[in-house]
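1. here is my input, please return the structure:
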Amino acid sequence: MRTIAVVEILENKKNALTGSDLSGYRLILIKPAKNMKKIMYALILPLVVVSGLVLANREIKNEASKKSTSTPFSAAEKKAALKKWEATPDGIRYKKWEASPEGKKVYAGEAKVRKHISAFTNMEAVVTSLSLPPGSRLGFGVMVRINGDDYILSFGSEKSDRNLLNVNNEFQQLHTLNVNDKLIIRSHNVSHAPKYSYPILSGDYVERASKLIYKRAPRQGGC
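-> Here you go, the predicted structure:
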(Lines give C-alpha, C1' and ligand atoms only; values in the text may rest on other atoms or scores of the structure.)
Protein backbone atom coordinates (compact mmCIF):
# COMPACT_ATOMS: atom_id res chain seq x y z
CA MET A 1 0.00 0.00 0.00
CA ARG A 2 2.80 2.31 0.92
CA THR A 3 4.50 1.47 -2.39
CA ILE A 4 1.33 2.24 -4.32
CA ALA A 5 0.85 5.49 -2.42
CA VAL A 6 4.40 6.57 -3.13
CA VAL A 7 4.01 5.77 -6.82
CA GLU A 8 0.75 7.72 -6.95
CA ILE A 9 2.33 10.69 -5.25
CA LEU A 10 5.25 10.65 -7.75
CA GLU A 11 2.88 10.30 -10.67
CA ASN A 12 0.79 13.21 -9.36
CA LYS A 13 3.91 15.41 -9.10
CA LYS A 14 5.01 14.39 -12.58
CA ASN A 15 1.61 15.26 -13.97
CA ALA A 16 1.66 18.53 -12.11
CA LEU A 17 5.05 19.43 -13.56
CA THR A 18 3.95 18.58 -17.07
CA GLY A 19 0.79 20.60 -16.62
CA SER A 20 0.01 24.07 -15.42
CA ASP A 21 2.72 24.11 -12.77
CA LEU A 22 5.41 23.40 -15.40
CA SER A 23 4.27 26.39 -17.37
CA GLY A 24 4.87 28.40 -14.24
CA TYR A 25 8.41 27.13 -14.07
CA ARG A 26 8.85 28.05 -17.71
CA LEU A 27 7.67 31.56 -16.99
CA ILE A 28 10.12 31.83 -14.13
CA LEU A 29 12.98 30.69 -16.40
CA ILE A 30 11.96 32.80 -19.38
CA LYS A 31 11.59 36.07 -17.55
CA PRO A 32 15.30 36.41 -16.67
CA ALA A 33 16.18 35.59 -20.27
CA LYS A 34 13.92 38.37 -21.54
CA ASN A 35 15.42 40.76 -19.03
CA MET A 36 18.93 39.84 -20.22
CA LYS A 37 17.90 40.51 -23.81
CA LYS A 38 16.57 43.92 -22.83
CA ILE A 39 19.83 44.70 -21.04
CA MET A 40 21.85 43.56 -24.08
CA TYR A 41 19.71 45.69 -26.38
CA ALA A 42 20.15 48.66 -24.06
CA LEU A 43 23.94 48.22 -24.18
CA ILE A 44 24.26 47.49 -27.90
CA LEU A 45 21.84 50.13 -29.21
CA PRO A 46 23.91 53.17 -28.09
CA LEU A 47 27.02 51.60 -29.62
CA VAL A 48 25.22 51.09 -32.92
CA VAL A 49 23.93 54.67 -32.88
CA VAL A 50 27.35 56.13 -32.01
CA SER A 51 29.05 54.00 -34.69
CA GLY A 52 26.49 55.16 -37.23
CA LEU A 53 27.02 58.81 -36.32
CA VAL A 54 30.81 58.42 -36.56
CA LEU A 55 30.56 56.77 -39.97
CA ALA A 56 28.07 59.37 -41.19
CA ASN A 57 30.27 62.21 -39.95
CA ARG A 58 33.27 60.64 -41.68
CA GLU A 59 31.34 60.31 -44.94
CA ILE A 60 30.26 63.96 -44.74
CA LYS A 61 33.85 65.09 -44.13
CA ASN A 62 35.11 62.94 -47.02
CA GLU A 63 32.49 64.35 -49.35
CA ALA A 64 33.29 67.91 -48.26
CA SER A 65 37.00 67.24 -48.74
CA LYS A 66 36.40 65.80 -52.22
CA LYS A 67 34.30 68.80 -53.19
CA SER A 68 36.86 71.29 -51.88
CA THR A 69 39.77 69.61 -53.67
CA SER A 70 38.14 68.41 -56.86
CA THR A 71 35.61 71.14 -57.60
CA PRO A 72 37.29 74.20 -59.15
CA PHE A 73 35.98 77.69 -58.53
CA SER A 74 33.51 78.85 -61.12
CA ALA A 75 34.06 82.04 -63.10
CA ALA A 76 31.32 83.72 -61.06
CA GLU A 77 32.98 82.71 -57.77
CA LYS A 78 36.37 84.00 -58.96
CA LYS A 79 34.80 87.27 -60.05
CA ALA A 80 33.01 87.66 -56.71
CA ALA A 81 36.23 86.96 -54.78
CA LEU A 82 38.11 89.50 -56.90
CA LYS A 83 35.44 92.12 -56.34
CA LYS A 84 35.59 91.49 -52.61
CA TRP A 85 39.39 91.84 -52.58
CA GLU A 86 39.27 95.03 -54.67
CA ALA A 87 37.19 96.64 -51.91
CA THR A 88 39.98 96.05 -49.35
CA PRO A 89 42.71 98.67 -48.72
CA ASP A 90 45.24 96.53 -50.62
CA GLY A 91 42.84 96.11 -53.51
CA ILE A 92 42.12 99.84 -53.67
CA ARG A 93 45.85 100.65 -53.76
CA TYR A 94 46.41 98.05 -56.46
CA LYS A 95 43.64 99.41 -58.68
CA LYS A 96 45.01 102.91 -58.21
CA TRP A 97 48.48 101.69 -59.28
CA GLU A 98 47.03 99.93 -62.36
CA ALA A 99 45.42 103.19 -63.50
CA SER A 100 48.58 105.25 -62.91
CA PRO A 101 51.07 106.04 -65.74
CA GLU A 102 53.61 103.79 -64.02
CA GLY A 103 51.20 100.84 -63.89
CA LYS A 104 50.16 101.31 -67.51
CA LYS A 105 53.83 101.37 -68.56
CA VAL A 106 54.48 98.06 -66.75
CA TYR A 107 51.46 96.44 -68.42
CA ALA A 108 52.61 97.71 -71.82
CA GLY A 109 56.06 96.17 -71.22
CA GLU A 110 54.46 92.86 -70.36
CA ALA A 111 52.37 92.92 -73.53
CA LYS A 112 55.50 93.33 -75.67
CA VAL A 113 57.07 90.06 -74.45
CA ARG A 114 53.90 88.03 -73.98
CA LYS A 115 54.28 86.25 -77.32
CA HIS A 116 57.83 85.14 -76.46
CA ILE A 117 56.72 84.01 -73.01
CA SER A 118 53.90 81.87 -74.39
CA ALA A 119 56.12 80.21 -77.02
CA PHE A 120 59.29 80.19 -74.85
CA THR A 121 61.29 81.72 -77.71
CA ASN A 122 64.48 83.80 -77.76
CA MET A 123 64.55 87.44 -76.70
CA GLU A 124 67.55 89.70 -77.28
CA ALA A 125 68.50 91.62 -74.15
CA VAL A 126 71.24 93.96 -72.94
CA VAL A 127 72.36 94.10 -69.30
CA THR A 128 71.78 97.60 -67.90
CA SER A 129 72.47 97.01 -64.19
CA LEU A 130 73.94 94.21 -62.07
CA SER A 131 71.67 95.02 -59.13
CA LEU A 132 67.92 95.09 -58.72
CA PRO A 133 65.92 98.11 -57.46
CA PRO A 134 66.49 99.03 -53.77
CA GLY A 135 64.39 96.97 -51.37
CA SER A 136 63.93 94.18 -53.91
CA ARG A 137 63.07 90.77 -52.48
CA LEU A 138 63.31 88.76 -55.69
CA GLY A 139 66.59 87.00 -54.95
CA PHE A 140 69.43 87.20 -57.43
CA GLY A 141 68.83 89.09 -60.68
CA VAL A 142 69.94 91.81 -63.08
CA MET A 143 68.25 94.60 -65.01
CA VAL A 144 67.97 94.16 -68.78
CA ARG A 145 66.59 96.14 -71.70
CA ILE A 146 64.52 94.45 -74.41
CA ASN A 147 63.33 96.46 -77.42
CA GLY A 148 63.73 99.74 -75.55
CA ASP A 149 61.91 98.68 -72.36
CA ASP A 150 63.53 97.85 -69.01
CA TYR A 151 62.81 94.59 -67.19
CA ILE A 152 63.83 92.87 -63.99
CA LEU A 153 65.40 89.51 -64.89
CA SER A 154 64.98 87.46 -61.72
CA PHE A 155 66.55 84.06 -61.05
CA GLY A 156 65.27 83.54 -57.51
CA SER A 157 67.13 82.64 -54.32
CA GLU A 158 70.69 81.42 -54.54
CA LYS A 159 71.36 77.94 -53.18
CA SER A 160 74.89 77.32 -51.97
CA ASP A 161 76.44 73.85 -52.19
CA ARG A 162 79.37 73.55 -49.83
CA ASN A 163 80.14 70.02 -50.99
CA LEU A 164 81.32 71.26 -54.39
CA LEU A 165 84.79 72.81 -54.39
CA ASN A 166 85.14 76.17 -56.14
CA VAL A 167 81.45 76.23 -56.97
CA ASN A 168 79.40 78.73 -54.97
CA ASN A 169 75.98 78.08 -56.48
CA GLU A 170 74.04 77.38 -59.64
CA PHE A 171 74.36 81.05 -60.66
CA GLN A 172 78.15 80.97 -60.81
CA GLN A 173 78.44 81.98 -64.47
CA LEU A 174 75.70 84.60 -64.11
CA HIS A 175 77.93 86.38 -61.61
CA THR A 176 80.39 87.01 -64.45
CA LEU A 177 77.90 89.20 -66.31
CA ASN A 178 78.81 92.82 -67.02
CA VAL A 179 76.83 95.90 -67.93
CA ASN A 180 76.23 96.08 -71.72
CA ASP A 181 76.60 92.31 -72.15
CA LYS A 182 74.31 91.11 -74.91
CA LEU A 183 72.20 88.12 -74.01
CA ILE A 184 69.71 85.71 -75.47
CA ILE A 185 67.14 84.91 -72.85
CA ARG A 186 64.02 82.79 -72.59
CA SER A 187 61.39 82.99 -69.92
CA HIS A 188 58.32 81.02 -68.88
CA ASN A 189 56.73 83.82 -66.93
CA VAL A 190 56.31 87.60 -66.70
CA SER A 191 54.67 89.25 -63.71
CA HIS A 192 54.35 92.57 -61.93
CA ALA A 193 53.87 94.14 -58.51
CA PRO A 194 53.10 97.75 -57.52
CA LYS A 195 56.35 97.75 -55.54
CA TYR A 196 58.37 97.58 -58.78
CA SER A 197 58.36 99.99 -61.70
CA TYR A 198 59.31 97.27 -64.18
CA PRO A 199 57.84 93.97 -65.41
CA ILE A 200 59.48 90.95 -63.77
CA LEU A 201 60.81 88.26 -66.08
CA SER A 202 61.63 84.82 -64.75
CA GLY A 203 65.18 83.93 -65.88
CA ASP A 204 64.92 80.39 -67.23
CA TYR A 205 67.53 80.32 -70.01
CA VAL A 206 70.49 82.64 -70.72
CA GLU A 207 73.11 82.66 -73.49
CA ARG A 208 76.05 85.03 -73.82
CA ALA A 209 78.22 85.09 -76.97
CA SER A 210 76.40 81.95 -78.20
CA LYS A 211 77.37 80.07 -75.04
CA LEU A 212 74.83 78.77 -72.54
CA ILE A 213 75.57 80.21 -69.11
CA TYR A 214 72.36 79.33 -67.29
CA LYS A 215 69.40 76.99 -67.64
CA ARG A 216 66.91 76.53 -64.86
CA ALA A 217 66.75 72.95 -63.63
CA PRO A 218 63.30 71.37 -64.00
CA ARG A 219 61.24 71.09 -60.84
CA GLN A 220 61.18 67.75 -59.08
CA GLY A 221 58.36 65.68 -60.49
CA GLY A 222 58.10 67.98 -63.51
CA CYS A 223 59.49 67.69 -67.00
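2. quick check: Glu86 touching Lys95?
-> Yes - with contact defined as Cβ atoms under 8 Å, Glu86 reaches Lys95; the gap is 6.0 Å. The way it works is simple: take the backbone N, C-alpha and C, and place the C-beta from them, glycine included.
3. overlap in contacts, these two.
-> Shared contacts of Glu86 and Lys95, defined by Cβ atoms under 8 Å, 6 or more residues apart in numbering, are absent.
4. buried residues in stretch 116-128?
-> For stretch 116-128, a neighbour-count test (16 or more other Cβ atoms under 10 Å) marks 116-117, 123, 125, 127 as buried.
5. which outside residues touch stretch 143-160?
-> Outside stretch 143-160, the residues within contact range by Cβ under 8 Å, 6+ apart are 108-109, 112-113, 123-133, 136, 138-142, 168-171, 174, 183, 185, 196, 198-203, 214, 216.
6. recalculate using a threshold of 6 Å.
-> The set of residues that contact stretch 143-160 without belonging to it, under Cβ atoms under 6 Å, 6 or more residues apart in numbering, is 109, 123, 125-129, 132, 138-142, 169, 171, 198-201, 203.
7. out of the residues you listed, which sit inside strands?
-> Members of these lying in strands (criterion: DSSP state E): 123, 125-129, 140-142, 200-201.
8. residues contacting Val179?
-> Each residue near Val179 by Cβ under 6 Å, 6+ apart is listed here: Val127.
9. how about a cut-off of 8 Å?
-> Taking Cβ under 8 Å, 6+ apart, we find Val179 in contact with 127-130.
10. redo the residues you listed as TSV? Include distance to Ala75 and pLDDT.
-> Shown next, in TSV, are the contacts of Val179 (distance: Cβ to Cβ, whole Å; pLDDT from 0 to 100):
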residue	distance to Ala75	pLDDT
Val127	42	98
Thr128	40	98
Ser129	41	97
Leu130	43	96
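11. report the two of the residues you listed separated the most.
-> Of all pairs drawn from the contacts of Val179, the widest gap by Cβ to Cβ lies between Thr128 and Leu130 and measures 9.1 Å.
12. would you confirm that Arg93 belongs to a helix?
-> Yes - read with DSSP: H, G, I helix; E, B strand; the rest coil, Arg93 is one of the residues of a helix.
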